[in-house]
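[1] Quick one: sequence and predicted model below, then my questions.
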Amino acid sequence: MAAQPPVANAAAGAPWAPPTAVPVAAPSKPAWERLLPAIGPIILFIVWDLTVRLGLIRPILLPPPADTVATLITGLAGGPLLFDFFVTVWRTLQAFLIAAVVGMPLGVILGSNERAYRSVEFLIDFFRSTPSSALIPLFLMIFGVSDINKVAIAAFGAFLIVVFNSAYGVINARKQRVMAARVMGASRSQIFRDVLVWESLQPSFVGLRSAISMALVIVIVAEMFIGSESGLGHRIINSQQVMNVRDMYASILAAGVLGYALNVLFLVIDRRIIHWSGR
Amino acid sequence: MSSVVNAPVFAEVPAAPFRPGPAGTHITIRGLTKYFAGWPLYENFDLDIPKHKIVSVFGPNGCGKSTLINMIAGLVPIDAGEILFDGKSLKDTRIGYVFQNYREAMFPWMRTIDNIAYPLKLAGKSKADVDRRVEELVASFDVRFDLRRFPYELSGGQQQTASIMRALAPEPEVLFLDEPFSALDYEMTLFIREKLQEVFIQTGTTMLLVSHDLEEAVYLADEILLLTKRPTRIAEILPYGDARPRTVETLSEPGFIATRKRSLEIFQREVRR
């Protein structure tokens, strides 16, 4: 509860007392402050609801929020949306795992040999800067309209991010820790194993987190292409084509839930494994 | 024609013979040359560092105090010259090094106790030996904090204590200390200074201490190595022989005051030069 304004005292007719603003107990966060993050979504929900109720946008383009959320929940509670949701999750995870398993060791090795990294730096930077979605048609030509195509293109985009971050993690390793190990008599391979790999973990995890977001983006885009039969991307474009807006909005929200959950999951894992980060 | 046909065009110049230092020398530095950004930092620099002594290195800013001990410790490559430890090369010498910035010297992914044991494990010691040595260090440093914590969970003084323990773990022949107190508060500085002196009295490990605090430099030293501005030469080597253990009282004794005053005079002369 917020501190009572002194005016309240006067109104009650009590004799004036100096305001006791300073709490006796250790100040604890008021309960309402913990609700602050909920305010934004609630406002959005209300504005959305009012827009529909006042008929500012035709209901064929924007369904009422309550209906949309209900569609999302029933869909995820065992409806066909759940199936598409899991298909997208599975493709994203496959792409991510390929990128991580190949990219992290490669990045660490490249980073520990700066000459090797400099020689491929331009390639990595160039393709990292190229929107991976621009390569989808190319990958379609190579892999055909298959599941492999979607996983491959997503893995490619995520892979470059992982390599880049892991390599820079090693290159920018605290020089003093490397010196400390060397002065204690560590060999090159011991320095690599005991210092460089550890030092690179934190930036590598930053890379992994961006990589899984990238994988999700590309998977969803790839699923929108002709020939897809499943996945959230397919569902979104399909329901748009048949003007099933309720389902479209629910699928978009489902994609958002997925992206957000993956991000939070990675932050938690990151804090668990790299307990020293930022200290 | 009296000229010599096919006269030699090249005469072999004999290499200067190695001049050993006086008896009791531990580290012999001969002809040390180091260029920094195209300018000589050290040129043909000779120095003898005595065994079982503490030598404090003091000099003007940018004269390369830390570079000097880093070159001796093999952390900075030298351009020319020779550095020998009792006639051996660095490769065959056990050394310990204490960095100024303990935060970036410890490995935060290891518990403090594993940090201390790390050089012993590198040396291939058995688990029993490692445990015994760590036990010994804990006893001699009178450690009152929990070594199973991670380094970042300790205070600055505790971290620096741990990093000194790590440096001393393999019983080094030479201990290098690069401004070990400058990131610590006064209380911790006093504590660690006493610990270092205790360790020195017990083991007689040769120590090389870089310091920017003259009081600290003189207090611990048997010899104060005063350097000139670059290109760096030896301005003077002052002996300081007050008995150990030195205490807070030492700081007001005439021998200490005179040595500090003399060091300051030389330092100021070199700064103004």
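    Everything's here; your move. Residues are numbered from 1 along each chain as shown, chains lettered A, B, ... in the order given.
[2] Does the residue in the stretch 151-279 of chain A that chain B sits nearest to belong to a helix, a strand or coil?
    Nearest residue of the stretch 151-279 of chain A to chain B (Cβ to the nearest Cβ) works out as A:W276 at 3.5 Å. Bear in mind the C-beta positions are built from the backbone N, C-alpha and C, glycine included. Recorded secondary structure, A:W276: coil (DSSP: H, G, I helix; E, B strand; the rest coil).
[3] How about the contacts made by it?
    B:108-109, B:150, B:152 (Cβ atoms under 8 Å, 6 or more residues apart in numbering or on different chains).
[4] What subset of those residues is buried?
    B:108-109, B:150 (16 or more other Cβ atoms under 10 Å in any protein chain shown).
[5] so which of those residues are also by chain A?
    Among the buried ones among the contacts of A:W276, the ones lying near chain A by Cβ under 8 Å from any Cβ of the partner chain are B:108-109, B:150.
[6] Can you tell me, leaving aside adjacent residues, what's nearest to A:A167?
    Once flanking residues are discounted, A:A167 sits nearest to A:G111: 3.7 Å by Cβ to Cβ, 6 or more residues apart in numbering or on different chains.
[7] can you count the residues close to that neighbour?
    26 (other Cβ atoms under 10 Å in any protein chain shown).
[8] just checking, what packs against the host helix or strand of it?
    Element membership of A:G111, judged by DSSP states H and E, is helix A:80-112. Packing contacts for helix A:80-112, counted by 3 or more Cβ pairs under 8 Å, 6 or more residues apart in numbering or on different chains; DSSP states H and E, involve helix A:65-76, helix A:114-129, helix A:147-171, helix A:197-223, helix A:232-241, helix A:245-273.
[9] Let me know the average pLDDT across that helix.
    Averaged across helix A:80-112, pLDDT comes to 93.
[10] Helix A:114-129 and that one, what's the angle between them?
    Calculated by axes from the mean of the first three to the mean of the last three Cα atoms, to 10 degrees, helix A:80-112 forms an angle of 150 degrees with helix A:114-129.
[11] Can you name the residues in contact with stretch B:242-258?
    Applying Cβ under 8 Å, 6+ apart, the contact partners of stretch B:242-258 are B:197-198, B:200-201, B:215, B:218-220, B:240-241.
[12] if we can go back for a sec, how about CSV for the helices and strands packed on helix A:80-112, with distance to A:M179 and mean neighbour count added?
    As requested, those are exported to CSV (distance: least, Cβ to Cβ, whole Å; neighbours: other Cβ atoms under 10 Å in any protein chain shown):
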stretch, distance to A:M179, mean neighbour count
helix A:65-76, 53, 17
helix A:114-129, 16, 12
helix A:147-171, 15, 25
helix A:197-223, 13, 23
helix A:232-241, 50, 21
helix A:245-273, 25, 17
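[13] among those, which is nearest B:P8?
    Proximity to B:P8 (Cβ to Cβ) singles out helix A:114-129 among the helices and strands packed on helix A:80-112, at 43.1 Å.
[14] Could you point out which residue ranges in the chain have low pLDDT?
    Here I'm looking at chain A. A:1-28, A:279 (pLDDT under 70).
[15] Correction: the question concerned chain B.
    Those would be B:1-2, if you go by pLDDT under 70 across chain B.
[16] Could you list which residues are in contact with the residue of it found nearest chain A?
    Nearest residue of chain B to chain A, counting by Cβ to the nearest Cβ: B:P108, 3.5 Å away. When contacts are counted by Cβ under 8 Å, 6+ apart, B:P108 touches A:276, A:279, B:150-152.
[17] Where do the strands of the stretch 51-200 of chain B begin and end?
    Under the criterion DSSP state E, counting those that start in this stretch, the stretch 51-200 of chain B carries strands at the ranges B:54-58, B:80-85, B:95-98, B:174-178.
[18] and the first one, what does it pack onto?
    Using 3+ Cβ pairs under 8 Å, 6+ apart as the contact criterion, the neighbours of strand B:54-58 among helices and strands are helix B:65-72, strand B:206-210, helix B:214-220, strand B:223-227.
[19] Neighbouring strands - and their directions - for it?
    strand B:206-210 (parallel), strand B:223-227 (parallel) (DSSP bridges).
[20] Adding distance to A:R188 and mean neighbour count, write those strands out as a markdown table.
    Below are these laid out as a markdown table (distance: least, Cβ to Cβ, whole Å; neighbours: other Cβ under 10 Å):
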| stretch | distance to A:R188 | mean neighbour count |
| --- | --- | --- |
| strand B:206-210 | 26 | 25 |
| strand B:223-227 | 33 | 23 |
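[21] Compare those and give me the one nearest A:V89.
    Using Cβ to Cβ, these put strand B:206-210 closest to A:V89, at 56.9 Å.
[22] ok so, going back, which pair of the contacts of A:W276 spans the longest distance?
    Taking Cβ to Cβ, no two of these sit farther apart than B:W109 and B:Y152, at 10.2 Å.
[23] Pull up the gap between the residue of chain B closest to chain A and B:Y152, please.
    Between B:P108 and B:Y152 the computed distance is 5 Å (Cβ to Cβ, to the nearest Å).
[24] returning to that earlier point: and the gap between the residue of the stretch 151-279 of chain A closest to chain B and A:Q190?
    A:W276 is 20 Å from A:Q190, by Cβ to Cβ.
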